[in-house]
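> Task: produce atomic coordinates for the following.
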Amino acid sequence: MIKTYTIIAGVNGTGKSSLTGVLWKQRSDLGQIIDADKLASDNGGNNILAGRLAIQQIRDCLAKGLCFTQETTLSGSLTAHTAQKALDAGYKICMHYVGLDSAEESIARIANRVRKGGHAVPLRKALWQFVSIVLVAVWQVRAFYLMISLCFSRIHVLY
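Numbering: from 1, shown residues only. Purely as a prediction, here's the structure:
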């Protein structure tokens, strides 16, 4: 099996975990699912610990050559750095971006998740993510474009 790094990206409330569940049933190359929200939930809501655990899981997968899937809001540079490391290690990269039409839709989906027992996201953070994702997306697309142009035969971006 080809080593695969799958990225499920989108702002909070878009349905990244739902998409991961659907893909899990359809594909055999998702490997370990790295979901910082789930890690936080499993660790009493400790987001800092969850972030550290997620980074360690990513490092472990890369070191062992395992397929893995990361859910992310693309809010920092970790995903681009991970993608570069994965490319250097011979991974195929698949990226799925889940988008919404408006910040209001994102906020409504977060509220629905909370009603069902899921985690909350502060309103300001949700609004900022929705607005800033355009800037982040441009930066990430430039980073991925560079990787595509350097390693076209080794990267696959799915829409």
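> Just confirm Arg52 is within a helix.
Yes. Arg52 sits within a helix when classified using DSSP: H, G, I helix; E, B strand; the rest coil.
> how near is it to Arg59?
Here the distance between Arg52 and Arg59 works out to 11 Å (Cβ to Cβ, to the nearest Å). Heads up, the C-betas are built off the backbone N, CA and C, glycines and all.
> and what of Gly76?
Counting by Cβ to Cβ, the gap from Gly76 to Arg59 is 16 Å.
> Show me the helices in this structure, by range?
16-26, 36-42, 47-64, 78-88, 103-115, 123-150 (DSSP state H).
> Tell me where the chain is predicted with low confidence.
Where the chain drops to pLDDT under 70, the residues are 100-103, 105-107, 109-110, 112-159.
> Could the C-alpha coordinates of stretch 22-37 be exported in PDB?
In PDB, the C-alpha atoms belonging to stretch 22-37 read as follows (Å, rounded to 0.1, in the frame of the first residue of the first chain):
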ATOM      1  CA  VAL A  22     -17.700   8.800   5.300                       C
ATOM      2  CA  LEU A  23     -14.200   8.400   3.900                       C
ATOM      3  CA  TRP A  24     -13.400   5.800   6.500                       C
ATOM      4  CA  LYS A  25     -16.100   3.600   5.000                       C
ATOM      5  CA  GLN A  26     -15.000   4.200   1.400                       C
ATOM      6  CA  ARG A  27     -11.200   4.100   1.600                       C
ATOM      7  CA  SER A  28      -8.500   1.900   3.000                       C
ATOM      8  CA  ASP A  29      -5.700   4.300   3.200                       C
ATOM      9  CA  LEU A  30      -6.800   6.700   5.900                       C
ATOM     10  CA  GLY A  31      -4.700   4.900   8.500                       C
ATOM     11  CA  GLN A  32      -4.600   6.500  12.000                       C
ATOM     12  CA  ILE A  33      -7.100   9.400  12.400                       C
ATOM     13  CA  ILE A  34      -5.600  12.300  14.200                       C
ATOM     14  CA  ASP A  35      -8.300  14.600  15.500                       C
ATOM     15  CA  ALA A  36      -7.200  17.200  18.100                       C
ATOM     16  CA  ASP A  37     -10.900  17.800  19.100                       C
END
